[in-house]
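> whatever this is, show me its structure:
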Amino acid sequence: MGHLDHATFGWLTPALSYVMACIGAALGLRCTVRALGATGRSRRNWLVTAASAIGTGIWTMHFVAMLGFGVSGTDIRYDVPLTVLSLLVAMTVVSAGVFVVGYSRDRTRALLIGGLTTGLGVASMHYLGMAAMRLHGDVTYDPVLVALSVLIAVVAATAALWAALNIKSPSAVTVASLVMGAAVSSMHYTGMFAVSVRVTPSGGVLPGATAMQFIFPLAVGLGSYLFLTSAFVALSPTTGEREASASAQQPVESAVR
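Below you'll find the predicted structure:
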């Protein structure tokens, strides 16, 4: 059995992955709040931004954490197409959950369906990412811990969508984002603790790319997207601010006439 190290860089990767999960959650919540206060194309655009933020945050959290994952006795590589597929899965299922909540009139039903769909999608993203891992040996999973990680993902996704529907103030969004980031990180590390590796020593070259060759640049790019989008959302006026501005301009226009 190979010794698994989940933090080869110490607390750096767990802490950074948690920060990325929190940023994605906060941005997704703020965009969903904006979407629920908008109509037509504007609502759709805000929901797309929310889904991309949450999906990107979850995926980036997972693979930033994986930068610190190591197994004694073997190198680790990642299958590039499968890794990209895991990102697309994260984006797709989060979009489905967010749009169900954003457009459904029966919010309780939408919350349950959206939470289940998104949670299962997040778990699928995680295990697709793990399936993309290449090493000298065999990877097995503890089924109880796998089931627990899936349950955590569903609960976390449902809580995130509930927060999007019910939390409005920036301070409440901040607290909810910290909790959601902790939930997503818990799901990840529960899934990782389910892993066992039986190393088979070999001098052969592993297929795929190293984490630093592929995952690190992609994670940096997606992280930059989150930060830039956060700045855009922070600078964009809310629906209430636009209405207040329009109301303030009407007396001025009337006076000019």
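> residue contacts, residue 162?
111, 115 (C-beta atoms under 8 Å, 6 or more residues apart in numbering). All C-beta atoms are positioned from the backbone trio N, CA, C, and that covers glycine.
> what helix or strand is it on?
Residue 162 belongs to helix 143-166 when assigned by DSSP states H and E.
> other residues contacting the next helix or strand after that helix?
Sequence-wise, the next helix or strand downstream of helix 143-166 (DSSP H and E) is helix 170-193. Helix 170-193 has contacts (C-beta under 8 Å, 6+ apart) with 4, 6, 14, 17-19, 21-23, 25-26, 29-30, 33, 57-58, 61-62, 65, 69, 122-123, 126-127, 130, 142, 145-146, 148-149, 152-153, 155-156, 159-160, 163, 167.
> please report the distance of the closest residue to residue 79 other than its chain neighbours from residue 66.
Nearest non-adjacent residue to residue 79, counting by C-beta to C-beta, 6 or more residues apart in numbering: residue 132, 4.3 Å away. The gap separating residue 132 from residue 66 is 10 Å, by C-beta to C-beta, to the nearest Å.
> then residue 110?
32 Å.
> residue 33 now?
Taken as C-beta to C-beta, the span from residue 33 to residue 66 is 31 Å.
> again with residue 5
Computed as C-beta to C-beta, the residue 5 to residue 66 distance reads 12 Å.
> neighbour count: the two, which is higher?
Per other C-beta atoms under 10 Å, whichever of residue 5 and residue 66 has more neighbours is residue 66, with 24 against 12.
> poorly predicted segments of this protein, please.
Filtered on pLDDT under 70, the chain yields the residue ranges 1-2, 234-235, 237-257.
> show the contacting residues for the nearest residue to residue 112 once chain neighbours are set aside.
Spatially, and ignoring its direct neighbours in sequence, residue 112 is nearest to residue 158 (7.3 Å; C-beta to C-beta, 6+ apart). Going by C-beta under 8 Å, 6+ apart, residue 158 touches 111-112, 114-116, 118-119.
> would you list those in TSV and tack on distance to residue 40 and neighbour count?
Output for the contacts of residue 158, formatted as TSV (distance: C-beta to C-beta, whole Å; neighbours: other C-beta atoms under 10 Å):
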residue	distance to residue 40	neighbour count
111	23	22
112	27	14
114	21	28
115	26	23
116	28	14
118	24	30
119	29	25
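> can you pull the buried residues of the helix or strand where residue 15 lies?
Assigned by DSSP H and E, residue 15 falls within helix 12-36. Going by neighbour count (16 or more other C-beta atoms under 10 Å), the buried part of helix 12-36 is 13-14, 16-36.
> and the angle from the longest helix anywhere in the chain to helix 12-36?
Criterion DSSP state H: the longest helix present in the chain is helix 40-67. Here the directions of helix 40-67 and helix 12-36 differ by 170 degrees (axes from the mean of the first three to the mean of the last three C-alpha atoms, to 10 degrees).
> so what's the most centrally placed residue in the chain up against?
For the chain, the residue nearest the mean C-alpha position is residue 58 (1.9 Å; C-alpha atoms, centre = their mean). Contacts for residue 58 (C-beta under 8 Å, 6+ apart) come out as 21, 24, 90, 94, 122, 125, 184.
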